[in-house]
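**Q** Quick one: sequence plus predicted model below, questions after.
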Amino acid sequence: MRPLELHIATSLPDALEYLAHYGEETAVLAGGTDLIIRIRSGREVPPRVLDISRLSELRVIREEPPGGPGAASVLRLGALVTHSGAVESPQTRTHVPLLAEACATIGSPQIRNLGTLGGNCVTASRAGDSLPALMALDAEMVLLSLAGERRVKMAEFFTGPRTTARRRDELLGHILVPARTPDERSCYLKLSQRKALAISVVSVAFRLRMDAKAPRRCNQAAIALGNLAPTVIRARAVEEAVAGRELDEATIARAAEAALSEVSPRDDVRASAEYRRAMVQALVRRGLKRLADPAAAGRLGLGRAEQ
Ligand SMILES: Cc1cc2nc3c(=O)[nH]c(=O)nc-3n(C[C@H](O)[C@H](O)[C@H](O)COP(=O)(O)OP(=O)(O)OC[C@H]3O[C@@H](n4cnc5c(N)ncnc54)[C@H](O)[C@@H]3O)c2cc1C
């Protein structure tokens, strides 16, 4: 094995300076739950590793005022917020319960204590669990470099399997997520082979804005799918099938059918493409039925992986 140079960043400017010089040949190390495995298995052999795990400024969870009139407030999450941190934070649970719910399904307590939101996003696996939630939440990625700050919408962040819009001289610094509005209902459904320590076979994140006067009527929908295409994707056809409609049996059936028009799943060791097609319909039906119930508003079903 080639020797690898490790630089432990002592501050954010130090990290950005290092990436400006050596970004092309550097792998960033956060919790290491993906990267260390890839290095040990020889799938990734970076000449340099930049350890950012001590940068406390990237561990913040902070509510920020709305950007303009009528806009929702925003939750700023540092890239080093761990999955446990997201699950346990009262701010995340209150303002972005969908993200807390998705993070609760990741790995095991040990993995959730080490693995970070930033690492999950930059790994960009089609099966990453925080990604459908962040996509349905219309999150924005804040990329930092010596040149300044650049924001990329989550829907444009993934450029292909395991590739992102991040430049090699950039660090993912923060994730900005609009806070939940009172009319919002959300849930994350993950189908996997076991209840814990299992990568998703199919996952769906739902965020619906419901009508205050007609509690089963959906005004707006944001729905994202995991492990059903080369990257996590927004399910635009499903969203259109439910927006402005009563969530009755007919609408839900149409929405489940619409899901098939946007997925391009593959066969792998966990499931066949055919099984994934059947399961996305089942999860879309199940999620919409659950959210049609007004009692679902604000309910946080943490860690309820579907089987
Ligand atoms: C046993 C096991 C079970 C798992 N189960 C799940 C699961 O159920 N669901 C799931 O989604 N994932 C799962 N994972 C994958 C992994 O834990 C997550 O993807 C985790 O969030 C990665 O975060 P990390 O901090 O450990 O990233 P690292 O391993 O440190 O980094 C991952 C990648 O992101 C880059 N990176 C990290 N942070 C930044 C940053 N701030 N800026 C720029 N680049 C950065 C690294 O260079 C690397 O390419 C599992 C892993 C293991 C080992």
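**A** That came through fine.

**Q** so, in contact with the ligand or not, stretch 136-153?
**A** No - using Cβ under 6 Å from any ligand atom, we find that stretch 136-153 stays clear of the ligand, coming within 8.1 Å at best. Bear in mind the C-beta positions are built from the backbone N, C-alpha and C, glycine included.

**Q** Begin at 23 from now on, thanks
**A** Yes, from this point I'll number from 23; that puts the last item at stretch 158-175.

**Q** okay, how far is it across that stretch, tip to tip?
**A** 11 Å (Cα to Cα, to the nearest Å).

**Q** Check which residues of that stretch are buried.
**A** Within stretch 158-175, the residues scored as buried using 16 or more other Cβ atoms under 10 Å are 158-167, 174.

**Q** same deal with stretch 58-68?
**A** 61, 68.

**Q** residues in contact with the closest residue to the ligand within the stretch 23-172 of the chain?
**A** The stretch 23-172 of the chain approaches the ligand most closely through residue 141 (2.1 Å), counting by Cβ to the nearest ligand atom. By Cβ atoms under 8 Å, 6 or more residues apart in numbering, the contact set of residue 141 is 52-53, 55-57, 101.

**Q** now the residues you listed as TSV including pLDDT and neighbour count?
**A** Below are these laid out as TSV (pLDDT from 0 to 100; neighbours: other Cβ atoms under 10 Å):
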residue	pLDDT	neighbour count
52	98	27
53	98	21
55	98	21
56	97	20
57	97	19
101	98	27
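
**Q** same for the ligand: which of those are within range?
**A** With the criterion set as Cβ under 6 Å from any ligand atom, the members of these near the ligand are 52-53, 55-57, 101.

**Q** Max pairwise distance over the buried residues of stretch 158-175: which two?
**A** Between any two of the buried residues of stretch 158-175, the greatest separation by Cβ to Cβ is 27.9 Å, found for 158 and 167.
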